[in-house]
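>>> the sequence and its predicted three-dimensional model are supplied below.
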Amino acid sequence: MKLRRPKVCVFNHQDEIPDFVIRIWDRVSRKAIERKGVFFVGLSGGKTPIDLYQRLSNMKETLLWDKTQVFLVDERFVPFDHPDSNYRMLKETLFDHIPIPRENIHPIWTEGSTLEASATAYEKDLKKYFGLSENRFPEFDLLILGIGEDGHTASLFPGSPALNDRMSLVASVPLNEAKHSRITLTLPVINHSRHILFLVAGRDKAPVLRKIMDEKDTSLPASMVHCKRGGLIFVLDREASILLSGS
Ligand code: 6PG
C-alpha cells in the first residue's frame, strides 16, 4: 500500500487546536459508526492533549459515546491514583464527565501485576475487543499522539528495543524510576491506524519537529509513524513550527 504524505496544519495559538481535532473526531467517528457500528480511538497522555480532553468532556450529547471504544496509547507503570498515570488524567479530564459506558473504556491495568504481565493483558484486551485472529493488527479509526523533545511518541523512545518489535501489539518498556517503566502500543499497531494526529505545541518542540519534518531523521520514533490509510496530520501551533522551512 502506498504511503500518503503527511499533512501539516499550523495554528496561531495552541488553544485553536482542540476545535480542529474535534471536527476531525466528529467526522471520523460518524463514518466509522456508519460503516461498522463502532468507533475505535486511542488516546495519549502528556500535557498537550489535556485541553482537547477537557473540551471533549463538554460534548456530552454531540458525540456518539455509547458507540465509542476508547483505548490508551500508552501508560506509565504506576497505580491508577498516581499523579503520572495517564488513566487518571483521562478519567479526571474526560471519562468522569461524559456518558460513556464503563465497558467502553480500556485502561492498561497496572495494579497487582508485573510490567510484562500488564502488557500481555492489554494485548489480550485488544485482541478481544477488535475480534482479532492470530497475527492480525487492530485498526484504530483515530489515534491521538504527541511527540517528546527527544522524538519519542507513545512510549517508544529513541533506541528502544520496542521499536524493532514487529509482531506484538503491546510492548513493555523498562525505564528508570524517574520516568517510570511504560507500556505502549507498538509501531505496527500505530501504523495500522486509519487516521493519526500528532498534536505538538510550544517552542521547545521546534528543534525536534525540524529534525523529523525537514531533516527527515528516520532514527526518531516519531519519524517511523506512517499512516497508510486515511492520513497522518501534524497539528502544530505557530511556536512549534517556527524552525520549519517555509514557516
Ligand atoms: C505520554 C505520551 C507521550 C507524549 C509526549 C508529548 O504518556 O506522556 O504518550 O508520548 O505524548 O511525551 O508530551 P507533551 O504533550 O506533554 O509534550
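Structure's in. What do you need?

>>> is the helix or strand hosting Gln54 up against the ligand anywhere?
Following DSSP states H and E, one finds Gln54 within helix 50-56. No - Helix 50-56 does not reach the ligand (C-beta under 6 Å from any ligand atom); its nearest approach is 8.1 Å. (Glycine included, C-beta is placed from N, CA and C.)

>>> partners of whatever helix or strand comes next after that helix, with directions?
Moving toward the C-terminus from helix 50-56, the next helix or strand (DSSP H and E) is strand 68-72. Strand pairing for strand 68-72, using DSSP bridges, gives strand 39-43 (parallel), strand 105-106 (parallel).

>>> any part of strand 68-72 near the ligand?
No - applying C-beta under 6 Å from any ligand atom, one finds strand 68-72 separated from the ligand by no less than 8.5 Å.

>>> low pLDDT regions in this structure?
Filtered on pLDDT under 70, the chain yields the residue ranges 1-4, 230.

>>> now the helices for it?
In the chain, the segments counted as helices under DSSP state H are 17-36, 50-56, 86-93, 115-130, 187-190, 206-209, 238-241.

>>> take those helices and lay them out in TSV including distance to His152 and mean neighbour count.
Formatted as TSV, these follow (distance: least, C-beta to C-beta, whole Å; neighbours: other C-beta atoms under 10 Å):
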stretch	distance to His152	mean neighbour count
helix 17-36	20	16
helix 50-56	18	18
helix 86-93	14	20
helix 115-130	17	17
helix 187-190	12	21
helix 206-209	9	20
helix 238-241	15	20
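
>>> out of the ones you listed, flag the one nearest Arg136.
helix 115-130 (8.1 Å; C-beta to C-beta).

>>> and the closest one, what other elements does it pack with?
strand 68-72, strand 105-106, strand 170-173, strand 182-185 (3 or more C-beta pairs under 8 Å, 6 or more residues apart in numbering; DSSP states H and E).

>>> redo that, cut-off 10 Å
strand 39-43, strand 68-72, strand 74-76, strand 105-106, strand 170-173, strand 182-185, helix 187-190 (3 or more C-beta pairs under 10 Å, 6 or more residues apart in numbering; DSSP states H and E).

>>> how about JSON lines for the strands paired with strand 68-72, with distance to Ile147 and mean neighbour count added?
Formatted as JSON lines, those follow (distance: least, C-beta to C-beta, whole Å; neighbours: other C-beta under 10 Å):
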{"stretch": "strand 39-43", "distance to Ile147": "15", "mean neighbour count": "23"}
{"stretch": "strand 105-106", "distance to Ile147": "23", "mean neighbour count": "18"}
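
>>> neighbours of Asp81, how many?
10 (other C-beta atoms under 10 Å).

>>> can I get stretch 40-58 in CSV, CA atoms only?
Output in CSV follows, covering the C-alpha atoms of stretch 40-58 (Å, rounded to 0.1, in the frame of the first residue of the first chain):
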residue,chain,number,x,y,z
PHE,A,40,-12.2,2.9,17.9
VAL,A,41,-10.0,5.7,19.3
GLY,A,42,-6.6,5.6,21.0
LEU,A,43,-5.6,8.5,23.4
SER,A,44,-2.2,9.5,24.6
GLY,A,45,-1.0,11.1,27.8
GLY,A,46,1.2,14.2,28.0
LYS,A,47,0.2,17.8,28.5
THR,A,48,-0.7,18.9,25.0
PRO,A,49,-4.0,17.0,24.6
ILE,A,50,-5.4,18.0,28.1
ASP,A,51,-7.2,21.0,26.6
LEU,A,52,-8.7,18.7,23.9
TYR,A,53,-9.9,16.2,26.5
GLN,A,54,-11.5,19.0,28.6
ARG,A,55,-13.3,20.3,25.5
LEU,A,56,-14.4,16.8,24.6
SER,A,57,-15.8,16.5,28.1
ASN,A,58,-18.4,19.2,27.3
